[in-house]
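# No sequence on hand, only this structure:
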DNA sequence: CCTTTTATTTAGATTTACCTAAACTTTATT
DNA sequence: AATAAAGTTTAGGTAAATCTAAATAAAAGG
């Protein structure tokens, strides 16, 4: 199956929205994810259905077929491996790599992808904590799922960040939060769902619900 | 200046044909280099002229402007650095990397390009022996220029290969010819311009003019 | 120098991936 | 259940990069 860059981007976004729990991905949701218009999504949906990569009926939303899922995992694999490359080998920081990987991911060569993986030591997670599918399209573990704002635990470790925008990642950098950082929850404020945190001996600080939603943690 | 992939490919090809000695690059030559039709070239020529990357008058052929040359060198730099990466780090052989680099070269990020260069140890030549322009767009030396079929010398060293097609490179692989290989010319046959060669102690073999044209050498 | 050949350009279509505006479904609300 | 609101699709259009076929210009040959 030979996909255009646009088609790959649609597949990737559909996969993402399905992962986030949407039973069937709506035209609107996909349009806003891809920063395009609903009418364009309808057009593309017809094309991807033709190619048997999605299930789609008028007004009923979109789901990936098995083939579509396979394609998505292949794109995600390439994306995350390039992110590792940029961080591990070219010394980029985690907030810089998403956009570049968006471009590099579209160079389709299984041989290159597999050699890149090997060169990087077959990494299991990317710089944002997301698991990297293997050459067969198997995703290690299904990504760390507990966002900080839904945990009760007091001592936590950051395992992933779900929003890859430069803005959020730079904010986290500034606060000293990165992958593996240990957090102590000092206080949860009901009225705005903000959370007061502390890292080791550093002074405490507060983060909004917006932020805590995007920090995936596990108790320690 | 933001160029599309198509525009970048035109710029690169114009640069190549100018290098090969064409005073003004003809519509036909460019069309066949890019494997497209003359009519398409005319269309694109108008656009690139608009962007001040080429000089172009109807029926008069095409030349790069200073800006066009700068753009070309930037693309070539990216192309050749990725070729080095693929060969040095991912263990590809020289006949496999051209196509992949054609795609990777279109990811435009000066920061990434410069870091890639540094990561590779700021290489001066790519796996085919072509010089790599530096970050300022300066090309080390102007590529080794003597094709094997034009030399009189008997003892030679291979310094570059001008045709990057898989076919030629695989043929050279099979014969044991690679960058730095030392050749002894046994005989030159006038009637078809073929050349009989020997490498060290191996048995002699003959190559056609087609091939010898594309092997750049220096006497030793 | 005139004619033929070759090279180049124009005109008009096509494809992909978009868009806007209008029409139509579905869902939510009273 | 009727109607309003929200979501989705259709219809028709645009821009980029192609193409074919026809027209035109330049070069080559007698």
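Nice, thanks for sending it over. Everything quoted here is computed from the prediction, not taken from an experiment. Numbers count the residues shown, from 1 in each chain, chains lettered A, B, ... in the order given.
# Scan chain A for its longest helix.
Identified as the longest helix of chain A according to DSSP state H is helix A:66-84.
# which element follows that one toward the C-terminus?
Proceeding N to C from helix A:66-84, the next assigned helix or strand is helix A:97-104, under DSSP states H and E.
# Next, see if that following helix gets close to DNA strand C.
No: Helix A:97-104 lies apart from DNA strand C when judged by C-beta under 7 Å from any atom of the strand; the minimum separation is 12.6 Å. Quick note: C-beta positions are derived from backbone N, CA and C, even for glycine.
# elements contacting the helix or strand following that helix?
Beyond helix A:97-104 on the C-terminal side, the first helix or strand identified by DSSP H and E is helix A:110-119. Helices and strands touching helix A:110-119, by 3 or more C-beta pairs under 8 Å, 6 or more residues apart in numbering or on different chains; DSSP states H and E, are helix A:66-84.
# just to revisit the earlier point, helices or strands up against the longest helix of chain A?
In this structure, helix A:66-84 packs against helix A:5-19, helix A:97-104, helix A:110-119, with contacts taken as 3+ C-beta pairs under 8 Å, 6+ apart.
# same question for it, mean pLDDT?
What helix A:66-84 shows for mean pLDDT is 98.
# With stretch A:194-208 instead?
The average pLDDT within stretch A:194-208 is 92.
# any idea how far that stretch is from the chain center?
Computed by C-alpha atoms, centre = their mean, to the nearest Å, the chain-centroid distance of stretch A:194-208 equals 25 Å.
# Any buried residues in it, and which?
Along stretch A:194-208, these residues count as buried under the neighbour rule (16 or more other C-beta atoms under 10 Å in any protein chain shown): A:194-195, A:197, A:199, A:207.
# and the longest helix of chain A, which residues are buried?
When burial is assessed from 16+ other C-beta under 10 Å, helix A:66-84 yields the following buried residues: A:68-84.
# which residues are in contact with it?
A:1, A:3, A:8, A:11-12, A:14-15, A:48, A:52-54, A:64, A:97-98, A:100-102, A:104-108, A:113, A:116-117, A:120, A:123, A:125-128, A:130, A:132-135, A:137, A:139 (C-beta atoms under 8 Å, 6 or more residues apart in numbering or on different chains).
# Buried ones from those residues, can you make that a ChimeraX selection?
For selection in ChimeraX, the members of those meeting the burial criterion (16+ other C-beta under 10 Å) are listed in this command:
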select /A:3,8,11,12,14,15,48,53,54,64,97,98,100,101,102,104,105,106,107,113,116,117,120,123,125,126,127,128,130,132,133,139
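# when you check DNA strand D, which of the contacts of helix A:66-84 turn up near it?
If you filter the contacts of helix A:66-84 for contact with DNA strand D, counting by C-beta under 7 Å from any atom of the strand, you are left with nothing.
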